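Enquirer: Fold the following.
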Amino acid sequence: MPDRSRKRQGDPNQIAKQIVDEATGEAPTFDPDAGKDPAAVALGRKGGLKGGKARAAKLTKEQRVESARKAALARWKKPEGA
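Expert: Residues are numbered from 1 along each chain as shown. Down below sits the predicted model:
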């Protein structure tokens, strides 16, 4: 699963240069939260932490069972072309 909070430049040469610069200490390490409002980050994290539990509390038992069944089928599905 991609880590979406770690976005870098799209050009592979720029990415390679950034990695080398970070490794040699010539550039500061990449900070994904740079320029973000800390209060907004905390609020977003707070909502993310309670989101799944709040959704599960609203579902009926049948809906939870169906959701779990669908998730299990997706996990055990054979990849295309296999």
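Enquirer: going forward, measure contacts between C-alpha atoms and count neighbours the same way
Expert: Noted.
Enquirer: where does this structure dip in pLDDT?
Expert: Residue ranges of the chain with pLDDT under 70: 1-9, 81-82.
Enquirer: list the helices and strands the lengthiest helix in it packs on?
Expert: Secondary structure of the chain read by DSSP state H shows that its longest helix is helix 38-58. Here helix 38-58 touches no other helix or strand, going by 3 or more C-alpha pairs under 8 Å, 6 or more residues apart in numbering; DSSP states H and E.
Enquirer: Just the buried residues of that helix, please?
Expert: Within helix 38-58, no residue qualifies as buried by neighbour count (16 or more other C-alpha atoms under 10 Å).
Enquirer: from the chain's centre, how far out does that helix sit?
Expert: On the basis of C-alpha atoms, centre = their mean, to the nearest Å, helix 38-58 sits 14 Å off its chain's mean C-alpha point.
Enquirer: again with stretch 67-74
Expert: What separates the centre of stretch 67-74 from the centre of its chain is 20 Å, taken as C-alpha atoms, centre = their mean.
Enquirer: Start at 821, not 1
Expert: Taking 821 as the first residue, the last one we looked at is stretch 887-894.
Enquirer: Can you tell me what sits against that stretch?
Expert: Stretch 887-894 has contacts (C-alpha atoms under 8 Å, 6 or more residues apart in numbering) with no other residue.
Enquirer: now do the same end-to-end measure for stretch 844-864.
Expert: 34 Å (C-alpha to C-alpha, to the nearest Å).
Enquirer: where's that stretch relative to the chain centroid, distance-wise?
Expert: Using C-alpha atoms, centre = their mean, the offset of stretch 844-864 from its chain centre is 15 Å.
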